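Chemist: Following is a predicted model, sequence given first.
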Amino acid sequence: MAIYSFRAECQADVKRFHQECLKVGLITALQAKPDDQFPDVEVELQTDASLEALRNVMRRVVDGHVMLQTLRECPLAENSLERDYDLS
C-alpha cells in the first residue's frame, strides 16, 4: 500500500473526499489531524489507489482544489503541503 498526504481547507472536505472514495470503491485508511490555529486539516492515508485515481476523486469534491493541489505520495511528515497551482 502506498502512503499519501494532503491538506484540506476543512474537515467537511475530508469527509466528502472519503465518501467519494467509498462510492468508487477506493478503500482507504485515513487519519486527519486538525490544525490548531486554522480550519485546515492535514491528512495521511494508505491505499492501493494510484496518485491519479485519488486526484480524480478529489476533482469530484466541490471546492476540493486545496486537497488536489497538496496531494503527494509521501508521509505527512515529508509533505510541504504547499499548493501546486498547475493542478486543477
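Modeler: Structure received.
Chemist: And the strands in this structure?
Modeler: 2-8, 28-34, 41-47 (DSSP state E).
Chemist: by how many degrees do the first one and strand 41-47 diverge?
Modeler: Taking axes from the mean of the first three to the mean of the last three CA atoms, to 10 degrees, one finds strand 2-8 and strand 41-47 inclined to each other by 160 degrees.
Chemist: ok, residues contacting strand 2-8?
Modeler: 14, 17, 32, 40-49, 51, 54, 64, 66-67, 70-76, 78-79, 81 (CB atoms under 8 Å, 6 or more residues apart in numbering). From N, CA and C alone the C-beta is placed, and that goes for glycine too.
Chemist: picking up where we left off before, want to throw the strands of the chain into CSV with mean pLDDT, distance to residue 21 and mean neighbour count?
Modeler: Formatted as CSV, these follow (pLDDT from 0 to 100; distance: least, CB to CB, whole Å; neighbours: other CB atoms under 10 Å):
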stretch, mean pLDDT, distance to residue 21, mean neighbour count
strand 2-8, 97, 11, 21
strand 28-34, 90, 5, 14
strand 41-47, 96, 8, 20
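Chemist: Among those strands, which comes closest to residue 85?
Modeler: Nearest to residue 85 among the strands of the chain is strand 2-8; the distance by CB to CB comes to 13.9 Å.
Chemist: Can you show me the CA trace of that closest one as PDB?
Modeler: Written as PDB, here are the backbone C-alpha positions of strand 2-8 (Å, rounded to 0.1, in the frame of the first residue of the first chain):
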ATOM      1  CA  ALA A   2       1.200   3.500  -0.800                       C
ATOM      2  CA  ILE A   3       1.100   6.400   1.700                       C
ATOM      3  CA  TYR A   4      -0.200   9.700   0.500                       C
ATOM      4  CA  SER A   5      -0.800  13.000   2.300                       C
ATOM      5  CA  PHE A   6      -2.500  16.300   1.700                       C
ATOM      6  CA  ARG A   7      -4.100  19.400   3.300                       C
ATOM      7  CA  ALA A   8      -7.800  20.200   3.200                       C
END
